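>>> 3D, please:
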Amino acid sequence: MQPCVLLAAAGVYLILALRLPFVAAARPGAGFYPVIVAVFAIATFLLGSLLAGMSQTMTQLIVTRGIQGLGAGGLMTLAFTIISDV
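Numbers count the residues shown, from 1 in each chain. Predicted structure coming up:
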């Protein structure tokens with residue numbers, strides 16, 4: 001497998017892992033509104049998916065998969081935060 005393909009695949013998980021602590025720090029006790037974060041995360045993930053589908057070059061694909069990772073990091077962390085509060 002070529003290094004660019006690996007970077008496009010791993011880019012999502014790298015950005016996702018970097019985003020986890022920031023979303024987890026914003027919890028309900030700290031004036032956190034889960035609906036706002038959820039809408040932002042879904043919009044970011046959908047935008048990244050749309051741009052990744054329209055990408056023409058490998059560089060564009062890697063960047064847009066990183067945008068997807070930002071949204072996915074918000075969604076995963078938000079789900080874990082909501083479950084831990086229940």
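>>> Quick check: what element follows the helix or strand containing residue 52 along the chain?
Residue 52 belongs to helix 34-54 when elements are defined using DSSP states H and E. Downstream of helix 34-54, the first helix or strand assigned by DSSP H and E is helix 58-85.
>>> pLDDT weak spots in the protein?
1, 23-32, 85-86 (pLDDT under 70).
>>> What about residue 5, how many residues nearby?
Using other C-beta atoms under 10 Å, residue 5 is surrounded by 12 other residues. In short, each C-beta sits where N, CA and C put it, glycine included.
>>> for the one 3 residues further on, same thing?
Counted by other C-beta under 10 Å, the residues lying close to residue 8 total 21.
>>> And it, which helix or strand is it part of?
helix 3-25.
>>> mind listing what's buried in that helix?
Judged by neighbour count using 16 or more other C-beta atoms under 10 Å, the buried positions of helix 3-25 are 7-8, 11-12, 15-16, 19, 23.
>>> same check, this time on stretch 51-66
Those would be 51-52, 55, 61-66, for stretch 51-66 by 16+ other C-beta under 10 Å.
>>> Could you work out the end-to-end span of it for me?
11 Å (C-alpha to C-alpha, to the nearest Å).
>>> what's that stretch in contact with?
Residues from elsewhere that reach stretch 51-66 (C-beta atoms under 8 Å, 6 or more residues apart in numbering): 4-5, 7-9, 11-12, 14-15, 48, 67-68.
>>> Please apply the same query to stretch 3-22.
Stretch 3-22 has contacts (C-beta under 8 Å, 6+ apart) with 58, 61-62, 65-66, 68-70, 72-74, 76-77.
>>> now the residues you listed as CSV including distance to residue 84?
Output for the contacts of stretch 3-22, formatted as CSV (distance: C-beta to C-beta, whole Å):
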residue, distance to residue 84
58, 38
61, 34
62, 33
65, 28
66, 27
68, 25
69, 22
70, 22
72, 19
73, 17
74, 16
76, 13
77, 11
